[in-house]
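Peer 1: just coords:
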């Protein structure tokens, strides 16, 4: 049975996000805000979708691209920094930005 403690921690941190849903995918879990897919929980890490206005926040922190294999690389999904993960209010703000279409 897989250990889902990190996923559960992320869902708890994002509890204030209206319409939050989590679905198994990619060997991990996809995060949705309503119908908008915005995040991936994979291998003990969280990745958010980036946009031209949010990408600098990730690049300035040297956040890794979501790349579970050499053939599967999603360049518009970047790892969320640890200091953001630990602050529920900041994490929720970043999630809201990631969920904007």
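Peer 2: Cool, got the structure. Predicted model, so just to flag it, every value in this text is computed and none were measured.
Peer 1: Listing request: residues of this structure with sub-threshold pLDDT.
Peer 2: The model of the chain has pLDDT under 70 over residues 1-2, 101.
Peer 1: Recalculate using a threshold of 80.
Peer 2: Across the chain, the ranges flagged by pLDDT under 80 are 1-3, 26, 101.
Peer 1: which one's the longest helix in it?
Peer 2: Using DSSP state H, we find that the single longest helix of the chain is helix 88-99.
Peer 1: can you list contacts of that one?
Peer 2: Here helix 88-99 makes contact (Cβ atoms under 8 Å, 6 or more residues apart in numbering) with 10, 12-17, 31, 33-34, 36, 38-39, 48-51, 53-54, 57, 80, 83-85. Any C-beta I mention is one placed from the backbone N, CA and C, and that applies to glycine too.
Peer 1: Flag every buried residue along it.
Peer 2: Buried residues in helix 88-99, counting neighbours by 16 or more other Cβ atoms under 10 Å, are found at 91-92, 94-95, 97-99.
Peer 1: try stretch 63-73
Peer 2: By neighbour count with 16+ other Cβ under 10 Å, stretch 63-73 contains the buried residues 63, 66.
Peer 1: ends of that stretch, how far apart?
Peer 2: This stretch, stretch 63-73, spans 14 Å end to end (Cα to Cα, to the nearest Å).
Peer 1: Same check on stretch 21-37?
Peer 2: OK, stretch 21-37 end separation, Cα to Cα: 9 Å.
Peer 1: Nothing else from me, thank you.
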